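Colleague: model the following, please.
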Amino acid sequence: MMDYDTIDDIYLAGKNPEYDAAAKKLLSSKKILAWILKYCVEEFKDSSIADIRDRYIIGIPETASVPVLTDETNAAAMMGTDRISGERTEDTTITEGKVTFDVRFRAITPHNELVQLIINIEAQRSRRTSYPLLKRAMYYVSRLISSQYGVDFDRAQYGKIKKVYSIWLCMDAPDEKGGITRYRMQEEPEYGNVRTDKEDYDLQQVVMVYVAHARADMENRLLNLLGELFISEDNAKMKKEALNDHYDIDLNDDEEGLVRTMCNLSVGLYARGQERGEQSGFIKGEQSGFIKGEQSGFAKGEQSGFTKGRMENSNEIVMNLLHMHVGMDFIKKATGRSEEDIRKLAEEHHLPV
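Modeller: This is a model prediction of the structure:
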């Protein structure tokens, strides 16, 4: 059972844990993260994709797959400053509740390796919520700052606070027009000219990335890349070829499996069908661009754009995750399958659990 804080969180997640698990895992690939950092993080704007991928991203980025208790995280993180495993993908306090980060990792800057960046990537199905999504993003960067206490600094050692970024990928660009908008703290002397070093106040930035639904002839390569990955209706093979040809991204078998999983689940088609005003079979069982008038396979097992072969898709997702040596708890949460089913599939296909 997945944890959600609000009704909006359920909508943003698309009530589709299989898709979300695949998307988060794919976004945690350094091949994809390097492009996001190149276009969203100022410190890397003059760096090559290869350098960002191979030199500046520290360790292995983690997804929100494993719950991490605050005290356990702090204890683990203090064992070594270079350790990325153990970063708080789930940040919990007694009074503030729980925040789960989609993908969280650290990176060093090209010009000063003593300075680290803590970067959070969030993939959102829609920017439309009952609250301003930007305010949620601001809350996240605040938590990324405060969660450094006990890990990067203690007591009065505030000079050790690391700069943080929270980057939000929204798959419903306003008016079908993609864009990238940055929010940060600025210094504005109102009387006199007393100033301080930028590095002392430029500690948190929010970057909102809006991905257009249709392919657009945009100059921004990141938006085109994300559109190809998450919005395009191409199949997995075509996506893999496009990523290789246009972005020099060579997906391995596991990553291609994640793309195939996302294509099979057809979430992009479903979201677009909703926004065009078509009625969803999930909601009313009537005609929609998603299931084209057929009754949902969830209800009667008939074919639809989303449910056709759902069990086969679920089996494939389980096997992909097993191939990646993902833990049992994560596979159960991501697929909704029982441990018995997962172990049976693993045994049938001679996969380790």
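Colleague: going forward, measure contacts between C-alpha atoms and count neighbours the same way
Modeller: Noted.
Colleague: buried sites along the helix or strand containing residue 165?
Modeller: With elements taken from DSSP states H and E, the one containing residue 165 is strand 163-170. Of all the residues in strand 163-170, those buried under the rule 16 or more other C-alpha atoms under 10 Å are 163, 164, 165, 166, 167, 168, 169, 170.
Colleague: got the residues you listed as TSV, with distance to residue 39 and pLDDT columns?
Modeller: Written out in TSV, the entries for these read as follows (distance: C-alpha to C-alpha, whole Å; pLDDT from 0 to 100):
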residue	distance to residue 39	pLDDT
163	17	92
164	16	93
165	13	94
166	13	93
167	11	94
168	13	92
169	12	91
170	15	88
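Colleague: you'd agree residue 37 is up against residue 48?
Modeller: No - under the contact definition of C-alpha atoms under 8 Å, residue 37 does not touch residue 48, with a separation of 10.4 Å.
Colleague: quick one, which of these two is more surrounded?
Modeller: residue 37 (26 against 12; other C-alpha atoms under 10 Å).
Colleague: quick check, the more buried one in a strand?
Modeller: No - secondary structure assignment places residue 37 outside any strand; it is helix (DSSP: H, G, I helix; E, B strand; the rest coil).
Colleague: what number of residues lie near the residue lying closest to it once chain neighbours are set aside?
Modeller: Excluding the flanking residues, the one nearest residue 37 by C-alpha to C-alpha, 6 or more residues apart in numbering is residue 44, at 6.4 Å. Around residue 44 sit 22 other residues, with neighbours defined as other C-alpha under 10 Å.
Colleague: and what of residue 262?
Modeller: When neighbours are defined as other C-alpha under 10 Å, residue 262 has 24 of them.
Colleague: helix, strand, or coil at it?
Modeller: Using three-state DSSP, the three-state assignment for residue 262 comes out as helix.
Colleague: list the contacts of it.
Modeller: 19, 22, 23 (C-alpha atoms under 8 Å, 6 or more residues apart in numbering).
Colleague: helices of the protein, start to end?
Modeller: Counting by DSSP state H, the chain has these helices, from start to end: 7-13, 17-27, 30-40, 49-51, 70-77, 133-146, 221-226, 236-247, 253-265, 267-275, 297-300, 310-323, 328-335, 339-348.
Colleague: packing partners of the third one?
Modeller: Using 3 or more C-alpha pairs under 8 Å, 6 or more residues apart in numbering; DSSP states H and E as the contact definition, the elements that helix 30-40 packs against are helix 49-51, helix 221-226.
Colleague: which stretch in these has the least confidence?
Modeller: Of all these, the segment with the smallest mean pLDDT is helix 221-226, scoring a mean of 92.
Colleague: could you export that one as CSV, keeping only the C-alpha atoms?
Modeller: Output for helix 221-226, consisting of C-alpha atoms alone and laid out as CSV, is shown next (Å, rounded to 0.1, in the frame of the first residue of the first chain):
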residue,chain,number,x,y,z
ARG,A,221,17.0,20.0,-25.6
LEU,A,222,16.0,18.9,-22.1
LEU,A,223,12.4,19.6,-22.8
ASN,A,224,12.6,17.6,-26.0
LEU,A,225,14.3,14.8,-24.1
LEU,A,226,11.7,14.6,-21.4
